[in-house]
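Engineer: Provided below are the primary sequence and the corresponding predicted coordinates.
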Amino acid sequence: GRSSSPKPLSQVLGRAIESIAPQTPLALFQAAWPRAAGPEIAAVTRVVEEREGTLTIECESSVWVQELELMAPRLITKLAADTDGLAPEKLRFRTTG
């Protein structure tokens, strides 16, 4: 049968993307990072690696590295909330390049 009402395209596409995305911790954290960090931070950072409980994030500048190191405990908490409790033990920040 048919659904009683049409679903928003964003909802349908979101589910489709989730179903085809790789199911690795790195992919999970890459998807969660913009929500956990917020748009301003996400615009100047990129999640690049997850290894042995450490999530590595590249930043556009050393100023961002220093700022985010101070915010790391709060960011880990937000990542845990967004990934049903799966969070890195440690965040490592480095500049790009």
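Structural biologist: Received the coordinates, thanks. Numbering: from 1, shown residues only.

Engineer: From Val12, how far out is the residue nearest the centre of the chain?
Structural biologist: Residue closest to the average C-alpha location in the chain (CA atoms, centre = their mean): Trp33, at 1.8 Å. In this view, Trp33 and Val12 are 23 Å apart by CB to CB, to the nearest Å. The C-beta positions use only the backbone N, C-alpha and C, and glycine is treated the same way.

Engineer: one step back: ok but the residue nearest to the centre of the chain is inside a strand, no?
Structural biologist: No. The assignment for Trp33, made by DSSP: H, G, I helix; E, B strand; the rest coil, is helix rather than a strand.

Engineer: Surely it is in contact with Ile76?
Structural biologist: No. Using CB atoms under 8 Å, Trp33 is not in contact with Ile76; the gap is 11.6 Å.

Engineer: Which per-residue confidence value corresponds to the residue nearest to the centre of the chain?
Structural biologist: Per-residue pLDDT puts Trp33 at 96.

Engineer: any idea how far Arg51 is from it?
Structural biologist: 16 Å.

Engineer: could you point out the longest helix in the protein?
Structural biologist: helix 62-82 (DSSP state H).
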